[in-house]
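Visitor: sequence first, predicted model second:
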Amino acid sequence: MFGAGGTEKAPVSSPAKSTILFFLCGGSSHVDMWDVKPDAPSEYRSLFQTIPTAAPEIHLCEHLPMTAKVADKLAIVRSVTDAGRATGDHHAGYYYNLTGHPPDQSFRTQGNDRRPQPNDWPFMGSVIGSRRPPHPDLPQVISLPHKPSRPPYTRPGQFSGKLGPLHDPLYLIGNDAEPMEISAPSLRLQTSKGRLEDRQALLEAMNHARADLDANSSIHDLGEYQNQAFDLLSSASTTSAFDLQQESEATRERYGKTTNGMSLLMARRLAEAGVPFITVFWRENLSLKSKCRSAGGWDTHGNNFDCLSQYLLPEFDRGYSALIEDLSQRGMLDETLVLVSSEMGRKPKIGDRRSGGVSGAGRDHWTACQSIVMAGGGIQGGQTFGKTDRYGELPVENVVGPEDITKTVYHAMGVSDLNATDRAGRPINLLSEGNALTELF
C-alpha cells in the first residue's frame, strides 16, 4: 500500500535462514531512541542527547552506546505509520505489526478486550514456518519468554489464525528469578538437563490435538496443545539448543543476565540450530509498573525519561548489541534477519493526562509514526530509510506501513508465494497488500 519497493523485483540471491524478531512490548519511543529530534521545540524535544555511531548517517540516543558501535550493521526505517488504520490500542498495534494486516472493525468496537480468533490473519512467523521445510528436531516457530499479555487479555496477531494451530508458535516461558531457566505450563525444563520425549509421539499428539481444536475452534486450547506437544519432543540437538550452560560466562554477561538478555541468547542458539522464526517478546518488569504508569514495559505513560534512561534502554542496549555482535562474529548475520519492532511509537508531545499532564513527563500512545530497525539477512547496514517531520509526529518521506515491513521480512526469507488455504479449505492470499523495501538490500 505504502512502500516504494516491490516483491515483484528479483528475489534475494541467498535468502536468510532465520528471523529473530525482538518485539518491545508496550510501544517503544521512537523519538527517544531511533529518531531523536534535538532541534524540536521544548514541549516535544527528548531530554536525551544524540551520539555519533559507527555509521556516519546515523545518530542515536546517548543511552544506546553499545548499539551505536554496531550501527554500521543497522537499517533504521523511520517512516512507518498506521495511516489511521489502527485504533491506538495495544491489541490493534500488535495485530497490525505482527501480521501486516490492518485491524478489522472488531478491534474498534472491542479495543483491548478483543481476543485472538481462529479466523485472524496469521502471524508473520507462522507464515514463514509454513513455507519452510520442517526442521528435523525443533519447532518451526518459537516465541519466548512469555505470551503477551496476561489472560484474558492475550494479544491478537501472535498466532497462526487462518493457517490452523499446527503452524502456531511454541511458547517458552522465562523465570525472572532464574533467567537461565525456561519452562512451559505443565512442564518445567531445566535447560542444562532437560529431557524431552519422542518426535514421532509429538507428531501423533499434534494430529490428535489439531482434530480436537478444529472441532471446537477454541483459541484458548492452543497453549495446552502446544505444551503437551513440547513435552513429547526429543533429540540430542533439541537438548543442546536449549542448553544455555554451554555458553561461556563471558557471553552470558555480555548479553546481560536478565530474562530478556538470556532470551536473546537463546534466540541466537535457536537460529544457530536452524529454527526459521524466533520471537523475543520483551518481558515487563513489574517493579516499574507504578513508576512508569505502565505494565512495566515500554508503555511509558509516566516518567518516560527516567524509565528509559535508568531501566529500559540500558537493558535493551546490552542485549541487542550483544546479539548483533555475536551473530556477526559467528558469521551468521548475513543468514539471520534481526527485526526490532513494537506495537506503536510514543507521542512526541510530552505529557499524558493519565500521569498528570506535562508534569508527569510521560508519552502517550502514537500509532501515526514509529521506527523499525533491521539488521542482517541481506540488509545493507549503516543506513536510514524515510524521514519524519521536525517533531517526529508524521512521516514525510518514503512513507511505509506494517504491511511493507512484513513483506520485507518475507522477501529476506525468500518467501514469495503467499497463496494458501484457510482452515475451511478455501483459497486465500496471506498478504495481498504491501511491498518489500528492496532498496534496503
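Guide: That came in fine, so what should we check first?
Visitor: only C-alpha atoms from now on, for both contacts and neighbour counts.
Guide: OK.
Visitor: G345 pairs with what?
Guide: W366 (DSSP bridges).
Visitor: shouldn't it be in contact with H365?
Guide: Yes. Between G345 and H365 there is a contact at 6.6 Å, judged by Cα atoms under 8 Å.
Visitor: check which residues of stretch 40-53 are buried.
Guide: Y44, R45, S46, F48, T50, P52, T53 (16 or more other Cα atoms under 10 Å).
Visitor: also stretch 334-350?
Guide: 334-350.
Visitor: contacting residues around the closest residue to A436 other than its chain neighbours?
Guide: Here the nearest residue to A436 in space, its sequence neighbours aside, is T408; by Cα to Cα, 6 or more residues apart in numbering that works out to 4.0 Å. By Cα atoms under 8 Å, 6 or more residues apart in numbering, the contact list for T408 reads N435, A436, L437, T438.
Visitor: again, but for V396
Guide: S79, G386, K387, T388, D389.
Visitor: quick one: the first one and V400 touch, right?
Guide: This means S79. Yes. If you go by Cα under 8 Å, S79 and V400 touch, sitting 6.1 Å apart.
Visitor: and A412, how far from W121?
Guide: 21 Å (Cα to Cα, to the nearest Å).
Visitor: which one's more surrounded, the two?
Guide: A412 (30 against 27; other Cα atoms under 10 Å).
Visitor: ramachandran angles for that one?
Guide: With angles defined as degrees, to the nearest 10, A412 sits at phi -60, psi -30.
Visitor: what's the answer for R78, then?
Guide: phi -100, psi 0.
Visitor: so it makes contact with D35?
Guide: Yes. Shown here, R78 and D35 form a contact pair, counting by Cα under 8 Å, at 6.8 Å.
Visitor: looking at those two, which is more packed in?
Guide: R78 (28 against 25).
Visitor: what is the burial count for the closest residue in space to the more buried one that isn't next to it in sequence?
Guide: In this structure, R78 finds its nearest non-sequential neighbour in S371, 4.4 Å apart by Cα to Cα, 6+ apart. Residues lying near S371 (other Cα under 10 Å) number 26.
Visitor: which residues does S371 contact?
Guide: Here S371 is in contact with H30, W34, D35, I76, V77, R78, S79, V80, S341, G345 (Cα under 8 Å, 6+ apart).
Visitor: so which of those residues are in strands?
Guide: The strands, defined by DSSP state E, take in I76, V77, R78, S79, V80, S341, G345 from the contacts of S371.
Visitor: just send those residues back as TSV, with distance to L418 too.
Guide: TSV is the format used below for those (distance: Cα to Cα, whole Å):
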residue	distance to L418
I76	26
V77	24
R78	27
S79	25
V80	23
S341	22
G345	29
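Visitor: make TSV out of those residues and add distance to I20 and pLDDT.
Guide: Below are the ones in strands among the contacts of S371 laid out as TSV (distance: Cα to Cα, whole Å; pLDDT from 0 to 100):
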residue	distance to I20	pLDDT
I76	16	98
V77	17	98
R78	20	98
S79	22	98
V80	20	98
S341	11	98
G345	20	98
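Visitor: now do the helices in the stretch 151-300 of the chain.
Guide: With DSSP state H, counting those that start in this stretch, the ranges of helices along the stretch 151-300 of the chain come out as 199-216, 222-231, 236-241, 249-255, 259-272, 289-292.
Visitor: just curious, which of the contacts of V396 is nearest to G357?
Guide: D389 (23.4 Å; Cα to Cα).
Visitor: how about the closest one, what does it touch?
Guide: Going by Cα under 8 Å, 6+ apart, the list of residues near D389 reads P395, V396.
Visitor: for D39, see how far away it is.
Guide: From D389 to D39 the distance is 11 Å (Cα to Cα).
Visitor: likewise for D89?
Guide: 30 Å.
Visitor: got it, and G302?
Guide: G302 sits 23 Å away from D39, going by Cα to Cα.
Visitor: for M262, same thing?
Guide: 37 Å.
Visitor: in the stretch 1-150 of the chain, what spans have low per-residue confidence?
Guide: 1-13 (pLDDT under 70).
Visitor: tell me where it has strands.
Guide: For the stretch 1-150 of the chain, the strands defined by DSSP state E, counting those that start in this stretch occupy 18-23, 50-52, 59-61, 74-80, 141-144.
Visitor: for the second one, name the packing helices and strands.
Guide: Using 3 or more Cα pairs under 8 Å, 6 or more residues apart in numbering; DSSP states H and E as the contact criterion, the elements in contact with strand 50-52 are strand 59-61, helix 65-68.
Visitor: can you tell me which residues contact D168?
Guide: Going by Cα under 8 Å, 6+ apart, the list of residues near D168 reads S126, V141, F159, S160, G161.
Visitor: pretty sure G26 contacts E343?
Guide: Yes. Using Cα under 8 Å, G26 is in contact with E343, at 6.8 Å.
Visitor: got any residues that touch both of the two?
Guide: Common neighbours of G26 and E343 (Cα under 8 Å, 6+ apart) are H90.
Visitor: hmm, back to that, which one's more surrounded, G302 and D39?
Guide: Between G302 and D39, counted using other Cα under 10 Å, the more crowded position is G302 (29 against 11).
Visitor: gap between the more buried one and P348?
Guide: 14 Å.
Visitor: what of R330?
Guide: Taking Cα to Cα, one finds R330 at 38 Å from P348.
Visitor: give the contact list for the closest residue to T99 other than its chain neighbours.
Guide: Nearest in space to T99, with sequence neighbours left out and distances taken as Cα to Cα, 6+ apart, is F123 at 4.7 Å. For F123, the contacting residues are L98, T99, G157, Q158, F159, S160, G161, by Cα under 8 Å, 6+ apart.
Visitor: apart from its chain neighbours, what residue comes closest to G157?
Guide: G157 sits nearest to Y95 (Cα to Cα, 6+ apart), 4.1 Å away.
Visitor: just M33 next, same as before
Guide: M33 sits nearest to C61 (Cα to Cα, 6+ apart), 5.1 Å away.
Visitor: for that neighbour, the count of nearby residues, please.
Guide: 26.
Visitor: repeat for the one 3 residues further on
Guide: When neighbours are counted by other Cα under 10 Å, L64 registers 23.
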